[in-house]
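1. Here's a sequence, model it:
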Amino acid sequence: MIPITVLAVGPLKEKFFREAVDEYKKRFGGPSKISEIEIKEEKTPDSPSESQISAALEKEAERIIAQIPKRSFVITMCIEGKLLTSEEFSTVLDSVSLKGKSSVCFIIGSSHGLSNKVKELSDLRLSMSKMTFPHKLARVMLFEAIYRANEISIGSKYHK
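-> Modelled structure (predicted):
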């Protein structure tokens, strides 16, 4: 499996979410295969204006861009992104090295999303669902989806 980095804005404070992500990371067999980097979330007022949100996203974008590994296939998690089946997702990850990339970098923004500057860097904009889920659950869902894609790729019985 090609090395994978998950960049996520904001900490994962809830114990049950942290334990779920850590379980999937453990299943990969170590940090050399999948790593997680938390990016500091920019604080906004309780009811931020559009300009306050935009300013926060731009500051977060600077921190995100600085952490993207070189020669990565960048996948931004976006509500307007492409919907894929687990099998299609597995095929995308399997094909990354054929595109001359040495790793994959997933980016999960804050609850306000991602700046266009970050989205424009992506090789793929990916959506998890047309449904809405809690922001912190997205990270757990992404780790599970990556794990499932890997299991599909190696032909394990995990994916039924």
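2. going forward, measure contacts and count neighbours with C-alpha atoms only.
-> OK.
3. Buried residues, the longest helix that the chain contains. List them.
-> In the chain, with assignment by DSSP state H, the single longest helix is helix 135-154. Residues 136-153 are the ones in helix 135-154 that count as buried (16 or more other C-alpha atoms under 10 Å).
4. What helices and strands are in contact with that helix?
-> Secondary-structure packing of helix 135-154 (3 or more C-alpha pairs under 8 Å, 6 or more residues apart in numbering; DSSP states H and E): helix 15-27, helix 86-95.
5. list the contacts for the residue nearest to Leu83 when sequence neighbours are not counted?
-> Excluding the flanking residues, the one nearest Leu83 by C-alpha to C-alpha, 6 or more residues apart in numbering is Ser127, at 5.3 Å. Residues in contact with Ser127 (C-alpha atoms under 8 Å, 6 or more residues apart in numbering) are Met77, Cys78, Ile79, Glu80, Gly81, Lys82, Leu83, Leu84.
6. Show me the residue at the heart of this protein, geometrically.
-> Phe106 (3.5 Å; C-alpha atoms, centre = their mean).
7. Point out where the chain drops to low pLDDT.
-> Counting by pLDDT under 70, the chain contains low-confidence residues at 30-32, 159-160.
8. Select the longest strand from it.
-> As assigned by DSSP state E, the longest strand anywhere in the chain is strand 72-83.
9. Give the partner strands of that strand in its sheet and their orientations.
-> The strands beside strand 72-83 in its sheet (DSSP bridges) come out as strand 103-108 (parallel), strand 124-127 (parallel).
10. Please compute how far it lies from its chain's middle.
-> 8 Å (C-alpha atoms, centre = their mean, to the nearest Å).
11. Any buried residues in that strand, and which?
-> Ser72, Phe73, Val74, Ile75, Thr76, Met77, Cys78, Ile79, Gly81.
12. same question, stretch 49-63
-> Result for stretch 49-63 [16+ other C-alpha under 10 Å]: buried residues Ile53, Ser54, Ala56, Leu57, Glu58, Glu60, Ala61.
13. quick one: which of these sit in helices?
-> Reading helices off the buried residues of stretch 49-63 with DSSP H, I get Ile53, Ser54, Ala56, Leu57, Glu58, Glu60, Ala61.
14. Surely Val96 and Phe73 touch.
-> Yes: using C-alpha atoms under 8 Å, Val96 is in contact with Phe73, at 6.7 Å.
15. Mind listing the shared neighbours of those two?
-> Common neighbours of Val96 and Phe73 (C-alpha under 8 Å, 6+ apart) are Ser102, Ser103, Val104.
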